[in-house]
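Undergrad: Predicted coordinates and the sequence they were generated for:
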Amino acid sequence: MGQKIVIVGGVAGGATAAARIRRLDEQAEILVFERSGYISYANCGLPYYIGDVIADPGALTLQTPESFYSRFRVTMKVHCQVTAIHPDKKTVSVKDLKTGKGFEESYDKLILSPGAKPTQPKVPGAGLDCVSTLRTVEDTLRIKAYIDQHHPRSAVLAGGGFIGLELAENLQKLGMEVSIVQRSKQLMTPFDPDMAAFIHSEMRKHGVKLVLGRTVEGFVEKDEGVDVLLKEDAALHADMVVLAIGVTPDTVLAKEAGLKLGVKGSIIVNDRMETSIPDIYAVGDAVQVEHYVTGQDALISLAGPANKQGRIAADNICGGDSRYPGSQGSSIIKIFDMTAAVTGLSEVAAKKAGLKADKVILSPMDHAGYYPGGKLMTMKVVFEKETYRLLGAQIIGYEGVDKRIDVLATAIHARMRATELTELDLAYAPPYSSAKDPVNIAGFMIDNIEKGILRQWSLEDVDRLPRDGSVTLLDTRTAGEYSRGHLEGAVNIPVDELRKRLDEVERDRPVYVICQSGLRSYIACRILAGYGYEAYNFAGGYRFYDAVVNDRCLIVSASPCGMER
């Protein structure tokens with residue numbers, strides 16, 4: 001018999017490590033302790049079971065203890081909780097949750113994959129029957145049973161991250177009135193607030209009420225339902241509440257065993273996934289990682305990194321030398337009919353990390369405009385000023401979002417300069433793309449910035465622009481588009497009329513140009529530059545401006561507001 005490996009936690013990282021160890025070492029003794037009744041289940045599919053999209057609960061369970069043993073000869077002990085680690089004698093204390101009996105198990109190597117637990121707000125009423133968290137299969141079955149038994153007509157979700165949004169969609173499709181309460185003034189904080197505006201719009205379009213910038217202070221049973229108490233605002237009443245306000249590394253065991261901890265109590269590991277104590281490894285949502293773009297310590301709770309880390313720990317236990325390069329937070333979510341995806345750093349996160357960040361915003365079609373069914377996507381690509389290092393990207397749209405975000409994620413991993421996106425040779429046929437793919441177009445825009453061909457102004461500059469006549473604000477859309485909404489003080493000269501109407505544009509002052517998406521205004525800027533003008537193109541166009549400003553008004557007032565047209 002070879003070395004004995006004990007794994008604490010069977011989901012994602014733990015199960016992956018177990019299978020990889022067996023593939024590398026047929027003689028190893030592998031024992032996994034999982035406190036829940038399920039191993040290797042699909043966390044990310046849980047909201048879709050509640051919404052009846054996934055009808056068979058068995059489909060969520062990727063492996064059973066029996067199937068895992070049959071294929072890999074790995075002993076999976078469910079309903080067994082490891083209660084202590086004893087590094088000095090290389091044993092763990094285990095409690096069988098069904099019988100209540102305790103025992104000790106020895107190990108040669110130990111892998112910790114405890115995951116993260118839902119963040120529980122320390123507020124009154126958090127333990128009510130109609131207030132739930134969603135993290136495990138057991139949570140899912142409990143919520144599903146509550147819905148089937150009580151037939152709630154309304155739900156409040158505390159938290160606007162991945163689980164909150166996916167659950168909102170699924171509950172809405174069950175016929176419930178759904179409200180999301182979020183402490184920050186946006187959903188999905190990996191996205192910049194301006195890009196989140198498109199997510200907000202899609203949620204509102206499907207009847208989900210957004211209560212942003214509000215803090216939950218407690219829960220009170222009332223009228224056969226529950227009142228969600230909000231700080232400095234009226235309570236929300238609902239038939240059920242689900243808490244999805246984030247997760248916290250589940251590292252009590254690690255702390256008590258004396259392992260070094262980092263961000264939010266996460267386990268510190270090196271790039272071989274080794275902890276501060278010899279022969280103990282840690283993987284998954286409980287570990288601190290290096291952010292691939294910034295090199296700074298981070299917590300990134302995603303299934304992809306957890307699986308990779310499990311594989312790396314297994315390689316090293318079996319005598320290899322695999323290294324984890326860090327996480328860059330690539331993720332994607334379905335939001336009703338829309339898709340939103342992100343990788344690397346947002347503009348806000350880049351600036352918070354101390355980087356000098358710039359961006360381009362574009363609204364390309366997902367495929368050739370002449371081929372039927374094309375839809376716009378909104379892309380924001382963030383890069384570092386001066387070096388033009390690619391930092392991150394966000395895309396919101398319909399078809400083809402997943403394809404572009406993965407290309408950009410790969411480019412970031414390859415440490416490409418943003419200007420090198422121009423060189424990517426990407427597949428093209430009219431149903432799938434354009435001869436100039438949206439990723440290429442982003443590269444062309446950034447290349448133009450580097451060469452001084454494109455100079456931009458942005459949403460944050462609108463209120464700073466002097467309105468005393470010292471600059472010209474030029475709208476190059478058609479008269480019809482202009483009449484439906486424009487920036488205050490903007491002069492309308494359609495781009496195709498610009499050359500013959502140049503005498504209407506003062507030569508001795510900067511010209512700030514805008515159109516619907518940024519393309520016509522860019523052409524106008526090049527025309528103006530050719531005649532000696534100092535011209536700046538608005539990033540994202542009026543479509544982007546209108547979406548973001550409308551969203552800000554709705555967040556503040558929770559009702560439609562009159563805008564300057």
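TA: Now that the structure is in, tell me what you want to look at.

Undergrad: tell me the contacts of the nearest residue to Val131 once chain neighbours are set aside?
TA: Closest residue to Val131 apart from its sequence neighbours, by CB to CB, 6 or more residues apart in numbering: Val241 at 4.5 Å. Heads up, the C-betas are built off the backbone N, CA and C, glycines and all. Val241 makes contact with 128, 130-132, 155-158, 219, 226, 228 under the criterion CB atoms under 8 Å, 6 or more residues apart in numbering.

Undergrad: filter these to the buried ones?
TA: Among those, the ones that count as buried by 16 or more other CB atoms under 10 Å are 130-132, 155-158, 219, 226, 228.

Undergrad: And the residue sitting furthest away from the middle of the chain, how far from Ala479?
TA: Centroid-distance maximum for the chain: Asp503 at 48.5 Å, with CA atoms, centre = their mean. Applying CB to CB, to the nearest Å, the value for Asp503 to Ala479 is 19 Å.

Undergrad: just Val263 next, same as before
TA: Distance from Val263 to Ala479, by CB to CB: 55 Å.

Undergrad: Quick check on those two: which one has the bigger neighbour count.
TA: A direct count of neighbours by other CB atoms under 10 Å for Val263 and Ala479 places Val263 higher, at 14 against 11.

Undergrad: my guess is that one meets Ser301, correct?
TA: No - with contact defined as CB atoms under 8 Å, Val263 and Ser301 do not form a contacting pair (11.7 Å).

Undergrad: show me the contacts for the nearest residue to Thr133 once chain neighbours are set aside.
TA: What sits nearest to Thr133 in space, not counting adjacent residues and going by CB to CB, 6+ apart, is Pro118, at 3.8 Å. Taking CB under 8 Å, 6+ apart as the criterion, Pro118 is in contact with 133-135, 243-248.

Undergrad: what's the closest of the residues you listed to Leu174?
TA: Within the contacts of Pro118, the smallest distance to Leu174 is 14.6 Å, found for Leu134 (CB to CB).

Undergrad: Look at that closest one and say how many residues are nearby.
TA: Residues near Leu134, counting by other CB under 10 Å, number 22.

Undergrad: For it, report the pLDDT, please.
TA: Per-residue confidence at Leu134 stands at 85 (pLDDT).

Undergrad: returning to that earlier point: does the residue nearest to Val131 lie in a helix or a strand, and which?
TA: According to DSSP states H and E, Val241 maps onto strand 240-243.

Undergrad: repeat for Tyr281
TA: strand 280-282.

Undergrad: any idea of the mean pLDDT for that strand?
TA: Strand 280-282 carries an average pLDDT of 98.

Undergrad: Check the offset of that strand from the chain's centre.
TA: 27 Å (CA atoms, centre = their mean, to the nearest Å).

Undergrad: and it, what does it pack onto?
TA: strand 109-112, helix 303-317 (3 or more CB pairs under 8 Å, 6 or more residues apart in numbering; DSSP states H and E).

Undergrad: closest one to Lys359 among these?
TA: helix 303-317 (24.9 Å).

Undergrad: Can you name the element that comes right after the closest one?
TA: strand 331-335.

Undergrad: Neighbouring strands - and their directions - for the helix or strand that that following strand is followed by?
TA: On the C-terminal side of strand 331-335, the nearest following helix or strand under DSSP H and E is strand 338-344. Paired strands of strand 338-344, with direction, are strand 331-335 (antiparallel), strand 390-397 (antiparallel) (DSSP bridges).

Undergrad: could you give the mean pLDDT of strand 338-344?
TA: Taken as a whole, strand 338-344 carries a mean pLDDT of 98.

Undergrad: helices or strands up against the longest helix anywhere in the chain?
TA: Longest helix in the chain by number of residues, with DSSP state H as the criterion: helix 541-557. Helices and strands touching helix 541-557, by 3+ CB pairs under 8 Å, 6+ apart, are helix 193-205, strand 209-212, strand 511-514.

Undergrad: Which residues does the strand holding Tyr281 contact?
TA: Residues contacting strand 280-282 (CB under 8 Å, 6+ apart): 17, 85, 87, 109-113, 254, 257, 259, 267, 269, 272-275, 313, 316-317.

Undergrad: ok so, going back, got the buried ones among the contacts of Val241 as JSON lines, with distance to Lys356 columns?
TA: Formatted as JSON lines, these follow (distance: CB to CB, whole Å):
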{"residue": "Cys130", "distance to Lys356": "49"}
{"residue": "Val131", "distance to Lys356": "44"}
{"residue": "Ser132", "distance to Lys356": "44"}
{"residue": "Ala155", "distance to Lys356": "43"}
{"residue": "Val156", "distance to Lys356": "41"}
{"residue": "Leu157", "distance to Lys356": "37"}
{"residue": "Ala158", "distance to Lys356": "36"}
{"residue": "Phe219", "distance to Lys356": "44"}
{"residue": "Val226", "distance to Lys356": "47"}
{"residue": "Val228", "distance to Lys356": "41"}
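
Undergrad: what's the closest of the residues you listed to Val78?
TA: Ranked by distance to Val78 (CB to CB), those are led by Ser132 at 21.8 Å.

Undergrad: The closest one belongs to a strand, doesn't it?
TA: Yes - the assignment for Ser132 (DSSP: H, G, I helix; E, B strand; the rest coil) places it in a strand.

Undergrad: other SSEs contacting whichever strand or helix holds Val407?
TA: Taking DSSP H and E as the definition, one finds Val407 inside helix 401-413. Packing partners of helix 401-413 (3+ CB pairs under 8 Å, 6+ apart): strand 331-335, strand 338-344, strand 390-397, helix 438-450.

Undergrad: which one of those is the most hemmed in?
TA: strand 390-397 (a mean of 27; mean count of other CB atoms under 10 Å).

Undergrad: Just the CA trace of that one, in CSV.
TA: Coordinates of each C-alpha in strand 390-397 appear next as CSV, following Å, rounded to 0.1, in the frame of the first residue of the first chain:
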residue,chain,number,x,y,z
LEU,A,390,-4.4,44.3,-21.0
LEU,A,391,-6.1,44.4,-17.6
GLY,A,392,-9.7,43.2,-17.9
ALA,A,393,-12.8,43.1,-20.0
GLN,A,394,-16.6,43.1,-19.5
ILE,A,395,-19.2,42.2,-22.1
ILE,A,396,-23.0,42.3,-21.9
GLY,A,397,-25.1,41.1,-24.8
